[in-house]
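# Give me the fold of what follows.
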Amino acid sequence: MFVANLDRCTASGAAGDVIPGLRVRSRIIALCALTSLVTLKGCGGGDGGSTSPTSTVAIVDVTPATATVNVGASQQLAAAPKTSTGTLVAGKTATWSTAAATVATVDATGLVRGVGAGTAAITATVDGKSGTATITVVALPVASVTVAPATVSVAFGSAAQLTASPKDASGTALTGRTVTWTSANTTVATVSGTGLVTAGNAGTTTVTATSEGKSGSATIIVTPNSAITFAASGRVVEAAGAPGIAGARVTAQDANATVLATTTTDATGNWTLSGLAAGTNVQFAVSATGYVSTLVAPTPLSAPLAVESVPLVRTSTASGGVSGRARDASTNAAITTGIAVELRDGMNAVTGLALQTTTTAADGSYTLAAVAAGTYTLVMRGAGYTQTSRTVAISGGATLANADLTLSANANANQWRAVLTWVSAARDLDLYLTLPGTGSTRQQVYFLQPGNCGVAPFACLDRDAAAAPGPETITISQLGTGTYRFYVHNYNTPSSATDNSLMLSGAQLRIFRGATQMGAYSVPQLPGTLWTVVELDGATGTVTTRNTIAAGAPGDPVATLRAPDARASRSGKTDPGLRLP
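Residues are numbered from 1 along each chain as shown. Okay, the predicted model is just below:
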């Protein structure tokens, strides 16, 4: 572009005058002056339409360029848009973004908040130009956990919410931390993953919240709920021959021996006590004239309770004894490794002081002598087996022989096993399992269809027995989705609403999960031939007690019977035709 120099374009006024350094005519002088005016306007300010290099954003500086923040804490960032020469450009607004929102977030003002441990790039953008800061988020270690409230009293069946507060070493609450909840005794209270406590049976337990290895706890006191009541029933029998004892007194007590209710047995030895508050740990004192009294150890009352038949022995000054073998529940073979044997006073007395102890011999046998007449609990335990117990009634001057006890071998925590035993030698009882099939079809495992634990249905009959004391054993190696049900059937009398054989059999079913006994169930004292014992939820592992006998009464399970077929089972029995729900 030609630019005139005003100093050199000063005219003298006459044509032909000489401008220093240049000889021009007057019209050239005029052109020079005009050109100079045009050039001055182009170099002026706001009307030219072009952008000044001093207002263009070339870089964006973010400060601080690096920062470390704690989870839950914040850090303010600033963005400075600048020209290529480093001059700050005023009046510009930055747009903020994060490359890792799970680590750190940023708002429209550049305020960064730590979310989770890690590193995140935070970017500020102005007119298409960007700058970043590197933010490192660290989690302050949890130094303590506080659970509130510290003590909760709640009635059976009710719920209470607990809150856990993880804190750092200075006592400042920490957010965004994972907390796990556990209950020391799930029969007293359970707790969800959010800290919701649901009350079970009366008693005290501790609920613990843990975060990053640090724990806090609350004491949960569960009380009986008088607004919900259940009945307990059972039978008092003569130990020898098992006839019922009429007029025996049965007194329900709480764990502190406070009397809750009392009754006497009818002509057949049966008894029922109603109106017992749900959640009570109820024990039963049983006595009769001319017999040695006994105590049934406390049992949590969370449903209608069928108490195992209570055997009483005649009073005697002579001592007696008991002998038998420890047997494997799956094979009925004698256990050859040493099994500890303990004898305790009363029924269901699985803890506390043992009156006598011994260890089984190499052939699995044991003998306890010089035992006072009475009703006792025999407990066995040994390496590789789950502790098991049974009731023994020892008469004065006699030794109770063949008091065998079947022990379930420990399994992995996902394996379930049901073990059926009974007393009446004249009865053949069969254990049945129904389980989910295809669609609405259900499968059965029993003596004629033993199943398979290695492949579907992942359930199998380990042993079928045709006479007392059994055992019959079914194992579930792998649970599927759906409902599993255990039944006991009287093979000798396939279908009857009045037959008492099952009721008088002394049958007991024990359910195990891995190395833990989940429950022991005694046959209800009602006529009938089909005992529905428990249901098992395949998805959750929850065991629900049913404990009813099919006797034609409303609410009893209905068995679909068909004509027995002649197919022989491995034990030589024919199919009774049960098709169970």
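# Please make it C-alpha for all contacts and neighbour counts, starting now.
Fine.
# Return the distance of A507 relative to V115.
59 Å (CA to CA, to the nearest Å).
# A104 too?
5 Å.
# Need the overlap of contacts for the two.
V137 (CA atoms under 8 Å, 6 or more residues apart in numbering).
# Low-confidence stretches in the stretch 351-500 of the chain?
425-426, 438-440 (pLDDT under 70).
# Which residues belonging to the helix or strand harbouring S389 are considered buried?
Secondary-structure assignment from DSSP states H and E places S389 in strand 385-394. For strand 385-394, a neighbour-count test (16 or more other CA atoms under 10 Å) marks 385-394 as buried.
# Can you tell me the strand partners of the helix or strand just after it and which way each runs?
As assigned by DSSP H and E, the chain's next helix or strand after strand 385-394 is strand 399-400. Next to strand 399-400 in the sheet, as set by DSSP bridges, lie strand 319-328 (parallel).
# quick one: the strand it pairs with to strand 385-394, angle?
Relative orientation of strand 319-328 versus strand 385-394 (axes from the mean of the first three to the mean of the last three CA atoms, to 10 degrees): 150 degrees.
# Can you name the next helix or strand after strand 319-328?
Taking DSSP H and E, what comes next after strand 319-328 is strand 340-345.
# just checking, what packs against the next helix or strand after that following strand?
Scanning forward in sequence from strand 340-345 by DSSP H and E, the next helix or strand is strand 356-359. Here strand 356-359 touches strand 340-345, strand 365-372, going by 3 or more CA pairs under 8 Å, 6 or more residues apart in numbering; DSSP states H and E.
# I'd like those laid out as JSON lines, including distance to S408 and mean neighbour count.
Below are the helices and strands packed on strand 356-359 laid out as JSON lines (distance: least, CA to CA, whole Å; neighbours: other CA atoms under 10 Å):
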{"stretch": "strand 340-345", "distance to S408": "14", "mean neighbour count": "21"}
{"stretch": "strand 365-372", "distance to S408": "17", "mean neighbour count": "18"}
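# Turn these into TSV, columns for distance to A306.
Formatted as TSV, those follow (distance: least, CA to CA, whole Å):
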stretch	distance to A306
strand 340-345	21
strand 365-372	28
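# Between A104 and V115, tell me which one has more neighbours.
A104 (27 against 23; other CA atoms under 10 Å).
# That one pairs with what?
Bridge pairing for A104 - DSSP bridges - gives G114.
# tell me which of the buried residues of strand 385-394 is nearest to W96?
Nearest to W96 among the buried residues of strand 385-394: T386, at 62.8 Å, using CA to CA.
# Now do the contacts for the closest one.
407-410, 515-517 are the contacts of T386 under CA under 8 Å, 6+ apart.
# Relative to A79, how far out is A373?
92 Å.
# how far does stretch 412-423 stretch from start to finish?
Stretch 412-423 has an end-to-end distance of 30 Å (CA to CA).
# ah, wrong one, I meant stretch 364-383
So stretch 364-383: terminal residues 14 Å apart, CA to CA.
# now the biggest strand by length in the chain against strand 385-394, angle please.
Longest strand in the chain by number of residues, with DSSP state E as the criterion: strand 225-238. Here strand 225-238 points in a direction 60 degrees away from that of strand 385-394 (the same axes, to 10 degrees).
# Average pLDDT for the helix or strand that comes right after strand 225-238, rounded please.
Following strand 225-238 in sequence order, the next helix or strand is strand 249-253 (DSSP H and E). For strand 249-253, mean pLDDT rounds to 98.
# what pairs with strand 249-253, and is each one parallel or antiparallel?
strand 259-264 (antiparallel), strand 281-287 (antiparallel).
# what's next to that strand, contact-wise?
With contact meaning CA under 8 Å, 6+ apart, strand 249-253 is reached by 259-265, 271, 273, 282-288.
# Of those, just the buried ones, PyMOL syntax please.
Selecting only the buried entries of these in PyMOL, with 16+ other CA under 10 Å as the criterion:
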select buried, resi 260+262+264+265+271+273+282+283+284+285+286+287+288
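# I'd assumed V237 was in contact with A288.
No: between A288 and V237 there is no contact under CA atoms under 8 Å: 10.4 Å.
# Common neighbours of these two, please.
With CA under 8 Å, 6+ apart as the test, A288 and V237 both reach I245.
# Contacts only, for C453.
C453 touches 459-460, 475-478, counting by CA under 8 Å, 6+ apart.
# That one and A277: what is the separation?
41 Å.
# Would you map the strands across the stretch 1-150 of the chain?
18-19, 22-23, 59-63, 66-70, 74-76, 78-82, 95-98, 104-106, 111-114, 118-126, 129-138, 144-148 (DSSP state E, counting those that start in this stretch).
# Now do the buried residues in the third one.
By neighbour count on 16+ other CA under 10 Å, the buried set for strand 59-63 is 59-63.
# just the angle between that strand and strand 129-138, please?
Note on geometry: by the same axes, to 10 degrees, strand 59-63 and strand 129-138 are set 20 degrees apart in direction.
# could you give the angle of strand 59-63 to strand 78-82?
160 degrees.
# swap in the last one?
Orientation of strand 144-148 against strand 78-82 (the same axes, to 10 degrees) gives an angle of 120 degrees.
# returning to that earlier point: out of the helices and strands packed on strand 356-359, the one nearest T331 is which?
Nearest to T331, of the helices and strands packed on strand 356-359 and by CA to CA, is strand 365-372 at 16.3 Å.
# ok, back up a step: figure out which of the strands of the stretch 1-150 of the chain is closest to S316.
Comparing those by CA to CA, strand 144-148 comes nearest, at 56.5 Å.
# Show me the domain layout of the protein.
For the chain, automatic domain parsing gives the domain ranges 1-50, 53-138, 144-223, 225-312, 313-410, 415-581.
# Pick out the shakiest of those, pLDDT-wise.
When the domains of the chain are compared by mean pLDDT, domain 1-50 comes last with a mean of 39.
# got the contact list for P300?
201-202, 279-282.
# what do you get if the cut-off is 7 Å, keeping everything else the same?
Applying CA atoms under 7 Å, 6 or more residues apart in numbering to P300 gives the contacts 201, 279-282.
# Could you do L353 as well?
R344.
# for the buried residues of strand 59-63, which one is nearest N185?
T63 (54.6 Å).
# quick one: that closest one and G247, what's the gap?
92 Å.
# just A101 next, same as before
76 Å.
# Looking at the two, which is more packed in?
G247 (19 against 16).
# is it true that the more buried one touches T268?
No: using CA atoms under 7 Å, G247 is not in contact with T268; the gap is 9.3 Å.
# T125 touches T95, doesn't it?
Yes: between T125 and T95 there is a contact under CA under 7 Å: 5.1 Å.
# show me what contacts the closest residue to Q161 other than its chain neighbours?
Distance criterion CA to CA, 6 or more residues apart in numbering; nearest residue to Q161, sequence neighbours excluded, is L196 at 4.5 Å. Contacts for L196 (CA under 7 Å, 6+ apart) come out as 159-162.
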